[in-house]
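Enquirer: got a sequence here, can you build the structure:
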Amino acid sequence: MVLMIQKFVHKPVLLNECIQYLNIKRDGIYLDGTLGGAGHSIKIAEKLSDKRNANWN
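Expert: Prediction:
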């Protein structure tokens, strides 16, 4: 028996549209409660101030 493990590849859907319409504030607080590879969360975190981004892990 051969067990094949596939690498998980995530491609965010409508990423640019979501980021545009969220109108992200640099000092805002955001929670991404979706399932996936964190593509949206990463883009949101890139727009936050260093103060808000300090706890990103």
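Enquirer: would you map the helices across this structure?
Expert: Counting by DSSP state H, the segments of the chain that form helices are 15-22, 39-46, 50-53.
Enquirer: I'd like to know which of those lies nearest to residue 6.
Expert: Minimum separation from residue 6 across the helices of the chain (CB to CB) falls at helix 39-46, 18.4 Å. Heads up, the C-betas are built off the backbone N, CA and C, glycines and all.
Enquirer: quick one: that closest one to chain centroid distance?
Expert: For helix 39-46, the separation from the chain centroid amounts to 4 Å (computed by CA atoms, centre = their mean, to the nearest Å).
Enquirer: can you tell me which helices and strands that helix packs against?
Expert: In terms of contact count using 3 or more CB pairs under 8 Å, 6 or more residues apart in numbering; DSSP states H and E, helix 39-46 is assigned the packing partners helix 15-22.
Enquirer: tell me the angle the helix it packs on makes with helix 39-46.
Expert: Counting by axes from the mean of the first three to the mean of the last three CA atoms, to 10 degrees, helix 15-22 points 50 degrees away from the direction of helix 39-46.
Enquirer: low pLDDT regions in the chain?
Expert: In the prediction, the chain carries residues with pLDDT under 70 at positions 35, 51-57.
Enquirer: in it, which residue is closest to the centre?
Expert: Nearest to the mean C-alpha position of the chain, by CA atoms, centre = their mean, lies residue 41 at 1.9 Å.
Enquirer: so that one makes contact with residue 24?
Expert: No - the pair residue 41 / residue 24 is not scored as a contact, 11.5 Å apart, by CB atoms under 8 Å.
Enquirer: how about residue 44, what does it touch?
Expert: Shown in contact with residue 44 (CB atoms under 8 Å, 6 or more residues apart in numbering): 19, 22, 24, 30, 32.
Enquirer: for it, give its distance to residue 7.
Expert: Between residue 44 and residue 7 the distance, using CB to CB, to the nearest Å, works out to 25 Å.
Enquirer: thinking again about what came up before, shared neighbours, residue 41 and residue 24?
Expert: Common neighbours of residue 41 and residue 24 (CB under 8 Å, 6+ apart) are residue 30.
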